[in-house]
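In: Give me a 3D structure for the following:
(one chain, ligands or ions: 1)
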Amino acid sequence: MPMDSNDKKRSVGKNKNLINSIEFAITGIKTVYKDERNMRIHSVCAVLITILGLILQLERFEWLWIGLCIFLMLVMEILNTIFENVVDMVTNKHFHPLGKKIKDTAAGAVLITAIFTVVVGALIFLPKIYQLLIY
Ligand SMILES: Nc1ncnc2c1ncn2[C@@H]1O[C@H](COP(=O)(O)OP(=O)(O)OP(=O)(O)O)[C@@H](O)[C@H]1O
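Out: You can find the predicted model right below:
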């Protein structure tokens, strides 16, 4: 996105205090939700998995694994978005082999995390669903 004249006039500096830092961090999270459809999909999946976990009455250590997976997916999606935005800013959305490498690598990190999440989810949920079905 090219800078408009208002952007050029704005200056940047250090956050003045902790509240300021938290406000900017929340703005960043809101921006990812607004811009990235995948982030919204991951969040809906996280809510559905949490509801399923409540129904199937997961143990404490199972909640820890599920929580870790949800956390990793959201953080990886945020990191992926950061790399996409930086590449778009530096290349001005023109093709560059390094831009492709960076975006594809970041997408690969999200994919590996998604595979890990599916394996953990299957190990936790499938035996419980199987138990429900055979009784
Ligand atoms: N500036 C660029 N230079 C070279 N290749 C690029 C560039 N921008 C995007 N690409 C290629 O296009 C693919 C898609 O890029 P894009 O920015 O649309 O990400 P995306 O697929 O929308 O990611 P997500 O779905 O996570 O938002 C990248 O993985 C990369 O292979």
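In: So which bits of this structure are right by the ligand?
Out: 36, 38, 80, 84, 87, 91, 95-96, 99-100, 103-104, 107 (Cβ under 6 Å from any ligand atom). Yep, even glycine has a C-beta here, placed from its N, CA and C like the rest.
In: among those residues, who's most crowded?
Out: Each of the residues of the chain next to the ligand was scored for neighbours by other Cβ atoms under 10 Å, and residue 80 scores highest at 23 neighbours.
In: show me the contacts for the spatially closest residue to it that is not a sequence neighbour.
Out: Among residues not flanking residue 80 along the chain, residue 106 sits closest, at 4.5 Å (Cβ to Cβ, 6 or more residues apart in numbering). Residues near residue 106 by Cβ atoms under 8 Å, 6 or more residues apart in numbering: 79, 80, 83, 84.
In: Which parts of the lengthiest helix in the chain count as buried, going by neighbours?
Out: Looking across the chain with DSSP state H, the single longest helix is helix 97-134. Of all the residues in helix 97-134, those buried under the rule 16 or more other Cβ atoms under 10 Å are 99, 102-103, 106, 110, 113-114, 117, 120-121, 124-125, 128.
In: and of those residues, the nearest to residue 70?
Out: Relative to residue 70, the closest of the buried residues of helix 97-134 is residue 117; by Cβ to Cβ it sits at 8.0 Å.
In: And that closest one, how close does it get to residue 45?
Out: According to Cβ to Cβ, to the nearest Å, residue 117 and residue 45 sit 9 Å apart.
In: any weak-confidence spans in this structure?
Out: Within the chain, the stretches with pLDDT under 70 are 1-9, 11.
In: before we move on, back to that, quickly list what's touching both of residue 117 and residue 45.
Out: Applying Cβ under 8 Å, 6+ apart, one finds that residue 117 and residue 45 are jointly contacted by residue 73.
In: Having no further points to raise, I will conclude here.
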